[in-house]
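Q: Coordinates for the following, if possible.
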Amino acid sequence: MEKYRILFVCHGNICRSPMAEFVMKDLVCKAGVQDHFLIESAATSTEEIGNSVYPPARRKLAEHNIGCQGKTARQMTRSDYARFDLLIGMDSWNIRNMRAISGGDPEGKIRMLMDYTNRPGDVADPWYTGDFEATWRDVLEGCEALLSQLVS
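A: As a prediction, this is how the structure comes out:
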C-alpha cells in the first residue's frame, strides 16, 4: 500500500477541514493503516490563520473521543499542490479558491469530499447554520467513503 498525502481544505480551517483532518486520522488509526497516510488541513482564506479549532467543532469531535489539540489554522499554499496527492475541499467555493491558489488542477488532485459518497455536494457549513451535527455526519460519511476507496 502506498503512502497517501491528503489535505482537507475549507474557508477558515477552524470547522469543517480540521474536523475532516481529525476524523480521517481517527479512521486510519482504527483501520491500522496510519503509517500509510499523511493528513493535514488548511484554509483558502487568511481570516483565521493561527486560531485554534472553533470550540463547537472541537466539542463535536470530543463527543466522539477525537482530539484536535495543537491544531491552528493555516492557509493553503501553491506548494501544497505538489506536496499532497489529494486536496479535498468542503464546498464548491473552496474548490474555486483552491484552484486559484494552486494555479489550476493539471493533475486532477482537487476534489470535493462529498463526491466520494452517494450524495455529492457541499459539506454542511456550521459557521452559518450552527448545526455541527449535520457537519459531523457529512464529514464522517465523506471520510469513510474516501478511506474505503483508497484502501480497497
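Q: Can you verify residue 13 is assigned to a strand?
A: No - remark: residue 13 does not belong to a strand; assigned using DSSP: H, G, I helix; E, B strand; the rest coil, it is coil.
Q: Against residue 21, how distant is it?
A: Separation of residue 13 from residue 21 (Cβ to Cβ, to the nearest Å): 9 Å. C-betas here are computed from N, CA, C, even on glycine.
Q: hmm, which helix or strand of this structure has the shakiest average pLDDT?
A: Comparing helices and strands within the chain by mean pLDDT, DSSP states H and E singles out helix 126-129 as the least confident, with a mean of 92.
Q: and the next helix or strand after it, which residues are buried?
A: Past helix 126-129, heading to the C-terminal end, the next element that is a helix or strand (DSSP states H and E) is helix 132-151. Applying a neighbour-count criterion of 16 or more other Cβ atoms under 10 Å, one finds 132, 135-136, 138-143, 145-147, 150 buried in helix 132-151.
Q: Low-confidence regions, this structure specifically.
A: By pLDDT under 70, the low-scoring segments of the chain are 1.
Q: where along it do the helices fall?
A: In the chain, the segments counted as helices under DSSP state H are 16-30, 55-63, 78-83, 92-102, 126-129, 132-151.
Q: could those helices go into a markdown table alongside distance to residue 118?
A: As requested, the helices of the chain are exported to a markdown table (distance: least, Cβ to Cβ, whole Å):
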| stretch | distance to residue 118 |
| --- | --- |
| helix 16-30 | 18 |
| helix 55-63 | 23 |
| helix 78-83 | 28 |
| helix 92-102 | 18 |
| helix 126-129 | 22 |
| helix 132-151 | 8 |
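Q: closest one to residue 2 among the ones you listed?
A: Closest to residue 2 of the helices of the chain, according to Cβ to Cβ: helix 132-151, at 9.2 Å.
Q: Contact partners for residue 19?
A: Taking Cβ atoms under 8 Å, 6 or more residues apart in numbering as the definition of contact, the neighbours of residue 19 are 53, 57, 60-61, 135-136, 139.
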